[in-house]
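In: A structural model of the following input is requested.
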Amino acid sequence: MLLAQRQVDELRGRLQPVVRRAKLACVTHSEHTLAAADGIPLHVEVWRPERAPKFAVVISHGGAEHVGRYARLAEALVA
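Out: This is a model prediction of the structure:
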């Protein structure tokens, strides 16, 4: 699912970043907490290239999975 710029701007104002470097030198990885409409906190992880991004990819995993399963995919998409 691609986010419209309006949605990205709205989310950016609600995220609380904890930034750390990813394994790849050209990728920055950060973790955030986003409040859902009903107030439930959602864990969000973001992988960003050092250059300006051309698009955004949102991965929403199933209930029995965790975001760590997708870390290598995210790094590959960003690199």
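
In: tell me which residue of the chain is furthest from the middle?
Out: Note on the chain: the largest C-alpha distance from the chain mean falls to residue 38, namely 20.5 Å (CA atoms, centre = their mean).

In: now the residue most central in space within the chain. Nearest residue, chain neighbours left out?
Out: Residue closest to the mean C-alpha point of the chain, counted by CA atoms, centre = their mean, is residue 46 at 2.4 Å. Setting aside the residues directly before and after it, residue 46 is nearest to residue 30 in space (CB to CB, 6 or more residues apart in numbering), at 5.0 Å. To be clear about C-beta, it is placed using only N, CA and C from the backbone, and glycine gets the same treatment.

In: what's around residue 56, how many residues?
Out: Residues near residue 56, counting by other CB atoms under 10 Å, number 14.

In: nope, residue 33 is what I was after
Out: Here the number of neighbours of residue 33 (other CB under 10 Å) works out to 13.

In: in the helix or strand encompassing it, what counts as buried?
Out: Residue 33 belongs to strand 27-35 when assigned by DSSP states H and E. For strand 27-35, the neighbour count (16 or more other CB atoms under 10 Å) marks 27, 28, 29, 30, 32 as buried.

In: stretch 41-54 now?
Out: Quick answer for stretch 41-54 (16+ other CB under 10 Å): 44, 45, 46, 47, 48.

In: nearest to residue 68, of those?
Out: residue 45 (8.8 Å; CB to CB).

In: helix or strand: which one has that closest one?
Out: Going by DSSP H and E, residue 45 is part of strand 41-49.

In: name the SS class of the residue farthest from the centre of the chain, please.
Out: Classification of residue 38 using DSSP: H, G, I helix; E, B strand; the rest coil returns coil.

In: how about residue 41: which residues does it bridge to?
Out: Here residue 41 sits in beta bridges with residue 35, as judged by DSSP bridges.
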